[in-house]
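Visitor: Just need the structure, nothing else, for what follows:
(one chain, ligands or ions: 2)
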Amino acid sequence: MASTNQSPFYQRAEEDFRTATTDEERIACLEIMMKECPKHKSSENMRRNLTNRLKKLTEGVERRKKAGKGSREGIKKNDMQCTLIGLPNSGKSTLFNLLTTKKLKSKVSPHQFTTHSPILGIIEYEDARIQLIDDAPIPNQDKSLVNSTDTLLIIFENLNQIRDLERAIWKSKAKKIWILNKVDSLTDMERRKIKATLRSKYKKLDFIFFSNKESQLKIKELKKKIFESFPIIRIYTKEPGKIPTKEPMILKKDSNIKEAAEKIRKNFSKQIKTSRIWGPSSKFGGQTVGIDHILKDKDTIEFHTK
Ligand SMILES: Nc1nc2c(ncn2[C@@H]2O[C@H](COP(=O)(O)OP(=O)(O)OP(=O)(O)O)[C@@H](O)[C@H]2O)c(=O)[nH]1
Ligand SMILES: [Mg+2]
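Guide: Residues are numbered from 1 along each chain as shown. Ligands and ions are numbered 1, 2, ... in the order given. Next comes the predicted model:
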């Protein structure tokens with residue numbers, strides 16, 4: 001679809017359409033594109049094309065809703081995924097918007113039940129990309145998502161909410177980070193009291209205090225905490241005589257060279273004669289190692305094939 005001559009709103013919606021990850025987002029973008037598309041005869045084809053795409057997507061979403069599968073079907077889980085969970089109005093979408101780099105933001109409002117279905121965004125931490133999902137509030141959360149996600153960010157505003165939250169997450173095997181949100185509306189005294197209760201009565205909770213007034217530094221700290229909750233390592237690969245890849249490959253902790261090769265391509269490990277490594281798991285840069293060599297975060301591998 002030619003987008004030159006189109007309004008900046010159209011162009012932006014088109015760009016967002018290309019990077020959208022769910023059909024709901026694509027529908028929202030198409031609706032803007034249709035509104036912005038000129039109504040004269042020369043763009044008739046373009047309008048028809050947009051209408052058809054919109055119709056197809058809407059039908060797909062409706063079909064899935066009827067089948068009871070919800071909209072999460074559009075979200076393909078990647079290596080690192082975390083999900084926000086909390087009671088209505090606790091500030092989940094606000095936090096989602098602070099953490100993600102996405103252009104399409106999750107709607108924030110002073111009313112309850114603003115978020116209806118899971119929305120996907122990306123947290124960029126150093127060179128890694130983490131999926132963050134803004135879920136509908138309890139009791140409308142996507143239960144299978146809560147059970148299958150890697151890390152839960154559990155948002156609460158006061159200690160009274162902990163019981164409801166624990167009831168909603170007990171089945172989930174995810175790592176759990178508890179975030180006491182909106183601490184800007186608490187006095188120093190209240191904060192101290194809550195901290196003391198959390199440390200005595202809820203010893204097992206891994207918690208932090210947060211608010212939407214926090215500095216970039218604190219936001220980065222939270223991103224780091226989220227990143228470190230995943231049992232993964234980042235591995236770079238290089239070809240002989242060339243520089244390593246910029247984007248890391250994500251592997252489970254304690255993976256070996258063979259698993260790294262298989263992640264690149266099925267059966268690739270069978271073609272490998274030797275490998276050289278640089279980084280934390282190597283004794284010296286360029287060490288030659290076997291296929292069973294255990295990797296560490298930030299290693300670089302150079303494969304030599306047969
Ligand atoms: N004081 C204060 N208000 C906040 C903070 N974070 C969010 N809010 C406000 O709380 C209200 C709810 O925020 P949302 O981000 O929409 O909350 P939510 O949890 O996504 O709400 P639902 O989608 O309905 O579950 C809005 O009025 C926000 O401006 C915070 O850190 N401090
Ligand atoms: Mg919300």
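Visitor: check which helix or strand covers the residue sitting nearest the centre point of the chain.
Guide: Per CA atoms, centre = their mean, the C-alpha nearest to the average position across the chain is that of Q131, at 1.1 Å. In this structure, Q131 sits in strand 128-134 according to DSSP states H and E.
Visitor: immediately after that strand, which helix or strand?
Guide: Sequence-wise, the next helix or strand beyond strand 128-134 is helix 143-148, with elements assigned using DSSP H and E.
Visitor: Let me see the domain layout of the protein.
Guide: Per automatic domain parsing, the domain ranges recorded for the chain read 8-71, 75-228, 232-305.
Visitor: Could you tell me how far the longest one lies from the centre of the chain?
Guide: Taking CA atoms, centre = their mean, to the nearest Å, one finds domain 75-228 lying 12 Å from the centre of the chain it belongs to.
Visitor: show me where the stretch 1-150 of the chain has strands.
Guide: Taking DSSP state E, counting those that start in this stretch as the criterion, the stretch 1-150 of the chain contains strands spanning 81-86, 119-125, 128-134.
Visitor: need the contact list for the residue of the stretch 101-250 of the chain found nearest ligand 2.
Guide: The minimum distance from the stretch 101-250 of the chain to ligand 2, using CB to the ion, falls at T115 (3.1 Å). C-beta here means a position set from N, CA and C on the backbone, and glycine is covered the same way. By CB atoms under 8 Å, 6 or more residues apart in numbering, the contact list for T115 reads K92, S93, S106, K107, D134, D135, A136, P137.
Visitor: And the residue nearest to the centre of the chain, how close does it get to Y236?
Guide: When CB to CB, to the nearest Å is applied, the distance between Q131 and Y236 equals 21 Å.
Visitor: Check A20 too.
Guide: Distance of A20 to Y236, given as CB to CB: 29 Å.
Visitor: for the protein, which spans come out with low pLDDT?
Guide: For the chain, applying pLDDT under 70 flags the ranges 1-4, 65-74, 102-104.
Visitor: rerun at 50
Guide: Within the chain, the ranges that satisfy pLDDT under 50 run 1, 70-71.
Visitor: List the contacts of L152.
Guide: The contact partners of L152, by CB under 8 Å, 6+ apart, come to C82, T83, I85, V146, I169, S172, A174, K175, K176, I177.
Visitor: what's the nearest residue to the first one if we skip its chain neighbours?
Guide: If you skip the residues right next to it in sequence, C82 has T151 as its closest partner in space, 3.9 Å away by CB to CB, 6 or more residues apart in numbering.
Visitor: The fourth one too?
Guide: Across the structure, with CB to CB, 6+ apart as the measure, the residue nearest V146 apart from its sequence neighbours is S172 (5.2 Å).
Visitor: which other residues reach stretch 235-255?
Guide: Judged by CB under 8 Å, 6+ apart, the contacts made with stretch 235-255 from elsewhere in the structure are 78-80, 127-128, 231-234, 259-260, 263-264, 294-295, 298-304.
Visitor: and with 6 Å instead?
Guide: Here stretch 235-255 makes contact (CB atoms under 6 Å, 6 or more residues apart in numbering) with 79, 127, 231-234, 260, 263, 294-295, 299-302.
Visitor: what's around G279, how many residues?
Guide: As a burial measure, G279 scores 18 neighbours (other CB atoms under 10 Å).
Visitor: Please list all residues in contact with it.
Guide: Remark: with contacts taken as CB under 6 Å, 6+ apart, G279 is in contact with K298, D299, T300.
Visitor: sorry, back to before: list buried residues within the contacts of T115.
Guide: Buried members of the contacts of T115, counted by 16 or more other CB atoms under 10 Å: K92, S93, S106, D134, D135, A136, P137.
Visitor: Among those residues, which one lies nearest to Y202?
Guide: The shortest gap between Y202 and any of the buried ones among the contacts of T115 belongs to K92, at 20.4 Å (CB to CB).
Visitor: nearest residue to that closest one other than its sequence neighbours?
Guide: Leaving aside its chain neighbours, K92 sits nearest to L84 (4.3 Å; criterion: CB to CB, 6+ apart).
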